[in-house]
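When you get a sec, could you give me coordinates for this:
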Amino acid sequence: MKIGNHLKIKKKAIYFLAGIVALFVMTILGIQYYNDYKYQQTYEFKLIEKGYTKEEATILLEKIKEEKILELLNEEKKDYLISIVTEKYYLEKNFDQYLDFYEKNKKHGMYDIIAMVNVHANQEWYEKIEESDTTKGNLLLVNKYYQLKEDYVPDNLVSVSNWYCYGTNKITKEAYDAFLNMYQKAEEQNIKLIINSSYRDFKSQEATYNNLKNSFGQKKADSQAARPGHSEHETGLAFDIFSPGNTTTSNFKDSEAYQWLKEHANEYGFIERYPEGKEYLTGYNFESWHWRYVGTEIANKIKEEQITFDEYYAYYLE
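This is a model prediction of the structure:
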């Protein structure tokens, strides 16, 4: 083969290879450009453009519905948003309420913002009332937003022996059996528990509430007692407890019995329904004497997580 022909063939091969390389590079660049273009259409990219980090964008996409993401993309970045959606008791259905309540109540910590919205405490007491779900059994919720019907009567109400109470009292059989076990264990440690007030029907609660209202006014009555239909005493699952020497609402909190209950009541299925420091969630002043039966599993969980029954119901049941 002549040298000239050999060189021509070599050049053609080089050009061919160069073309292949160029095509390959262009293909890679094209794919990269296409991928970049496609990524720029994603919500993640658009959230990052708004100032959120990639990690924050990932969290928002996991915690918020698409329609809310679209709204965020039309607004300025909210620095507090990640704090809201990463709170333990965050509920996606309440997203808008969290934002609205936070904007109006920035003095509250984020935990309180979430908790108050979840239990409806971002509304005025008795402002929006729903019917209590009586199918929940021992986990029935009755408070200033959930109301029992006037004719509601708990199943399996039994009378409490006068050995364990003052006056005439009734509670559900399951709650009574649990109380008897708790009473016996407390007595073994020289702690005596006495039921002072338990089940009340609608009419009895109405009389109790009206007495307070007529004496002190509606505002004070609402802080100390429930309106008829809104009292836990109407469930047959709650009662007030005292002990010898500590038989008033003012001194029971200082008793050994109260300290024992705080430590052990959950073991028998009871919770402190209106704990100190949680008034803004429960709607009631601290009541050391008021205990509610929910069953041991739930009582243990509520104590472990240090939440109110209102919070438990909103997050795990509602």
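
Quickly list the domain ranges of the protein.
Listed by automatic domain parsing, the domain ranges of the chain are 43-118, 130-317.

Now render these as CSV, adding mean neighbour count and mean pLDDT.
The way it works is simple: take the backbone N, C-alpha and C, and place the C-beta from them, glycine included. Listed next are the domains of the chain as CSV, based on neighbours: other CB atoms under 10 Å; pLDDT from 0 to 100:
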stretch, mean neighbour count, mean pLDDT
domain 43-118, 15, 94
domain 130-317, 18, 95
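
for those, which one sits closest to residue 20?
With respect to residue 20, and counting by CB to CB, the nearest of the domains of the chain is domain 43-118 at 33.4 Å.

Endpoint to endpoint, the closest one covers what distance?
Counting by CA to CA, to the nearest Å, you get 28 Å between the two ends of domain 43-118.

For residue 96, give me its contacts.
residue 68 (CB atoms under 8 Å, 6 or more residues apart in numbering).

heads up, I number from 31, so please use that
New numbering, starting at 31: the last item is residue 126.

Quick check: which element contains it?
Take DSSP states H and E as the rule and residue 126 turns out to sit in helix 125-134.

any idea where the strands of this structure begin and end?
If DSSP state E is used as the criterion, the strands of the chain fall at 160-161, 176-177, 187-189, 200-202, 224-227, 268-272, 300-304, 317-323.

which stretch among the ones you listed comes nearest residue 139?
strand 300-304 (20.8 Å).

all helices of the stretch 31-180 of the chain, in order?
All helices of the stretch 31-180 of the chain, identified by DSSP state H, counting those that start in this stretch, fall at 33-70, 73-79, 84-93, 96-102, 111-115, 125-134, 140-148.

any idea of the mean pLDDT in the longest one?
Spelled out, that is helix 33-70. For helix 33-70, the mean per-residue pLDDT is 63.

got a list of what residue 286 touches?
Each residue near residue 286 by CB under 8 Å, 6+ apart is listed here: 221, 273.

at 6 Å what do you get?
Applying CB atoms under 6 Å, 6 or more residues apart in numbering to residue 286 gives no contacts.

Over to residue 224?
Residue 224 makes contact with residue 272 under the criterion CB under 6 Å, 6+ apart.

Residue 135 and residue 244, how far apart?
Using CB to CB, to the nearest Å, residue 135 is found at 33 Å from residue 244.

Residue 156 now?
18 Å.

As a markdown table, the domains of the chain with distance to residue 50 would be great.
Shown next, in a markdown table, are the domains of the chain (distance: least, CB to CB, whole Å):
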| stretch | distance to residue 50 |
| --- | --- |
| domain 73-148 | 33 |
| domain 160-347 | 62 |
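
out of the strands of the chain, which comes closest to residue 119?
strand 300-304 (17.1 Å).

quick one: that closest one to chain centroid distance?
16 Å (CA atoms, centre = their mean, to the nearest Å).

what does stretch 282-302 give?
23 Å.

Straight-line length of it, end to end?
Start-to-end span of stretch 282-302 (CA to CA) is 13 Å.

and what of stretch 296-315?
Start and end residues of stretch 296-315 are separated by 21 Å (CA to CA).
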